[in-house]
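Student: Here is a sequence with its predicted model. Questions after.
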Amino acid sequence: MNKLSIIFCLLIVAITDVLYAQVTFATEDIPKDLLVRANAVVRDETIHLELRSDKEVIETVSRSITILNNRGTDYAAISLYYNKSKSIKSLKGEIFNEHGFLISKFSLKNFSDQSATDNVSMFADYRVKSYNPSIQEYPYTIVYTYEIKHNQSLAIPDWRPNYFDDVAIQQSKYVFAAAPSNELRIKTQNLQKDPQIAQTEKLKTHSFVVNNIQARKPEPYSESIDLTCIQVRILPKTFSYYNKKSTVNDWNEFGKWVYDDLLADKRQLPESTVQEIKIRLSELKTDQEKARFLYKYMQNKTRYISIQIGIGGLEPFSAQYVDELSYGDCKALVNYMQALLDIANIPSYYCIVEAGNRKVDLDIDFANAGDGNHIILCIPFANDTTWLECTNNKIPYGFLGDFTDDRLVLACTAEGGKILRTPKYTANDNLQLRNSHFEIQEDGSLKGTVKTYFSGTQFDNHFYNQFLSPSELTKRLKQQYDVDNVVFEKANYVMNEDTTPTLEENLEIFVKSYVVKSENAKLIHPNLFSIGRAIPENKDRKKPVYINRGYTDIDSILFDLPADVISNIQPENKILEAPMGRYEMKTSIKDHKLHFYRKFQLFEGTYPAESYTDFSRLMKDASSLDRGRYKLLLKSEK
């Protein structure tokens, strides 16, 4: 072949590549309906997993995603985590402009590499390679392929293609391949269509695919996306994890594996500690008294430090390790507390929970290591089950709060895993009860006292204020009481640590020029502290209304009126109701004192989509009433 022919062939290849890029990655090729509400569009995605053995899983991901605007920038970022059980084998990528022309290429050498340790982790063996393209002209398309090797088969990536509201999906595929002899556990939800199953002598392949999924309009007060998105989870029944092999079909067997393989022989304590505890316990009579003492002992002795090393961050350090060094993560501190309870012969359960303000249950039908990000302790006293949060050395005995309340958890016992539910706090339990008394001074300033009781999940709201320095407390109170010109002259706290802990906050405050003088009157806004916010209207609501947790707020405020005004305000009583909430507001004047009362209740639950109209109207009208002002006529102008 002569030189001219070679040049001609190369030119044809180059032109073909350009045309291919234009056809494949030009933004104009995206179906118009996929652009509605989308900040990014997944053009094509394949997640391929091959279970080669119980100690080897190969994950290959190919993805092309078009970033439509700066709000979609985060979807171009790539973060690949690795440690001893997970290695990154390869990666290559390209970036195309809106017309589909190649503008840059990248590989692993362009990635930053750093510890994946968060702000509270003292030890972690995870690292992360990260890349975020610096592209300022939109739209553009990022295309990449990478391969990861997993040296275990307990934690395998699942598939949730439509997890994000503002991302449209042109095509996404999830492929899982394993030897036909491998027994798999498969959990699916909300699939567009059944998977394709193909089998050869060496491999059985499950292929799941979705096409043309539009971005969604976010709807507040909706159920967790984990319950409504498309999802596929696949795990082998027999797995290997850090050279520990087992077979798990359900949560009972999973809990048994955790107990036998991860917790075994971890609860021995030094003999000196055992003898010290026995002497201290000899003075106590009931198991409840002993457990309360041991919890306070653990709190005083230890501090929480996140530790993400060892068996994938799942195996706790021993009780002896914690006793010697006086720190541990949630796993280690729960295990240590169990060891202390063992001295008193008090049974307890090591419990796996998905912690966070939003209630998330373990998937009761699919045992897996991905559910659960925290460990708490359960003491199954007869008719008085007690739950302990062991990572917080200030929280009262037996109190969980909104971090782990009302959700299904797994108790790992010698007999196997048991599904339990943590305590639920009702709208009446989650109480904020505030009583205030103010004198309106001649210049319109307020001076008075505010006493508030907090209980249930509202106990946490101001609980930590009592541990702040004076300057930090003032700053925090100004955030919590968003009132202009407020001065906190005194603040003290009284905590009741009974079965249901409560906190009493006592404040002495001064608010400069709160009551405003007009030509012939003084204007007062009696609701200082509890101003509700309206929520967006949505006449085309699609999803049910979900209230994650209910609560009750009650405000009673008494104002001593100044001598220069007359008692001219007519009594007012407003009640607003909807299926998920109730609002009541009263104002009246008696004995030259202005009385203001406000009560708002939000009720936990799931309500029909059409009830959102009632909900938004309730919140809008309540917010309007919360902002109401009253005109106190001056005597001289009567």
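Tutor: Nice, I can see it.
Student: Pull the contacting residues for Asn132.
Tutor: 73, 76-78 (CB atoms under 8 Å, 6 or more residues apart in numbering). Every residue, glycine included, has its C-beta placed from N, CA and C.
Student: Sitting in helices, which of those residues do you find?
Tutor: Using DSSP state H, no member of these falls in helices.
Student: for the protein, longest strand please?
Tutor: Ranked by number of residues, the top strand in the chain under DSSP state E is strand 40-53.
Student: filter the contacts of Asn132 to the buried ones?
Tutor: 73, 76, 78 (16 or more other CB atoms under 10 Å).
Student: Tell me the one of the residues you listed nearest Asp498?
Tutor: Asp498 lies nearest to Thr73 out of the buried ones among the contacts of Asn132, by CB to CB, at 50.7 Å.
Student: From Ile47, how far off is that closest one?
Tutor: 22 Å (CB to CB, to the nearest Å).
Student: Show me the protein divided up by domain.
Tutor: The chain breaks down by automatic domain parsing into domains covering 11-239, 248-421, 431-637.
Student: Need the winner for burial among these.
Tutor: Of the domains of the chain, the one with the most neighbours on average (mean count of other CB atoms under 10 Å) is domain 248-421, at a mean of 18.
Student: got the end-to-end distance for that one?
Tutor: End-to-end span of domain 248-421 (CA to CA, to the nearest Å): 22 Å.
Student: quick check, distance from that domain to the centre of its chain.
Tutor: Domain 248-421 sits 21 Å away from the centroid of its parent chain (CA atoms, centre = their mean, to the nearest Å).
Student: Same question for stretch 449-461.
Tutor: Averaging C-alpha positions (CA atoms, centre = their mean) puts stretch 449-461 22 Å from its chain's average.
Student: what is the rounded mean pLDDT of it?
Tutor: Here stretch 449-461 scores 95 as its mean pLDDT.
Student: ok, back up a step: present the buried ones among the contacts of Asn132 as CSV; the columns should include distance to Val360 and pLDDT.
Tutor: Shown next, in CSV, are the buried ones among the contacts of Asn132 (distance: CB to CB, whole Å; pLDDT from 0 to 100):
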residue, distance to Val360, pLDDT
Thr73, 28, 96
Ala76, 28, 97
Ile78, 27, 97
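Student: Need those residues in a markdown table (columns: distance to Met298).
Tutor: Output for the buried ones among the contacts of Asn132, formatted as a markdown table (distance: CB to CB, whole Å):
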| residue | distance to Met298 |
| --- | --- |
| Thr73 | 45 |
| Ala76 | 46 |
| Ile78 | 42 |
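Student: and which of the residues you listed is nearest to Phe317?
Tutor: Looking across these and measuring by CB to CB, the closest to Phe317 is Ile78, at 33.1 Å.
Student: Could you tell me the end-to-end distance of stretch 417-428?
Tutor: End to end - CA to CA - stretch 417-428 spans 33 Å.
Student: which residues sit against that stretch?
Tutor: 250-256, 258, 349, 351, 353, 362, 364, 367, 376, 378, 387, 400, 402, 404-411, 456-457, 549-552, 601-604.
Student: Relative to Asn568, how far out is the residue most central in space within the chain?
Tutor: With the centre of the chain defined as its mean C-alpha position, the nearest residue by CA atoms, centre = their mean is Gly356, 4.2 Å away. According to CB to CB, Gly356 and Asn568 sit 51 Å apart.
Student: Equivalent analysis for Ala332, please.
Tutor: According to CB to CB, Ala332 stands 66 Å off from Asn568.
Student: what lines up beside the longest strand of the chain in the sheet?
Tutor: strand 56-67 (antiparallel), strand 167-178 (parallel) (DSSP bridges).
Student: Hmm, Ala76 and Ser130 touching each other?
Tutor: No. Using CB atoms under 8 Å, Ser130 is not in contact with Ala76, being 11.7 Å away.
Student: Any idea what the closest residue to Asp158 other than its chain neighbours is bridged to?
Tutor: Distances taken as CB to CB, 6 or more residues apart in numbering place Arg233 nearest to Asp158, at 4.3 Å, with adjacent residues excluded. Beta-bridge pairing for Arg233 (DSSP bridges): Lys187.
Student: how about Arg233, what does it touch?
Tutor: Counting by CB under 8 Å, 6+ apart, Arg233 makes contact with 158-159, 186-188, 366, 368, 370.
Student: Would you reformat those as CSV and include distance to Leu269?
Tutor: Below are those laid out as CSV (distance: CB to CB, whole Å):
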residue, distance to Leu269
Asp158, 39
Trp159, 44
Ile186, 43
Lys187, 40
Thr188, 46
Phe366, 36
Asn368, 32
Gly370, 32
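Student: possible to save those as JSON lines with distance to Ile169 and pLDDT?
Tutor: Converted to JSON lines, the contacts of Arg233 look like this (distance: CB to CB, whole Å; pLDDT from 0 to 100):
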{"residue": "Asp158", "distance to Ile169": "16", "pLDDT": "97"}
{"residue": "Trp159", "distance to Ile169": "12", "pLDDT": "98"}
{"residue": "Ile186", "distance to Ile169": "21", "pLDDT": "97"}
{"residue": "Lys187", "distance to Ile169": "20", "pLDDT": "97"}
{"residue": "Thr188", "distance to Ile169": "17", "pLDDT": "97"}
{"residue": "Phe366", "distance to Ile169": "23", "pLDDT": "97"}
{"residue": "Asn368", "distance to Ile169": "24", "pLDDT": "95"}
{"residue": "Gly370", "distance to Ile169": "22", "pLDDT": "91"}
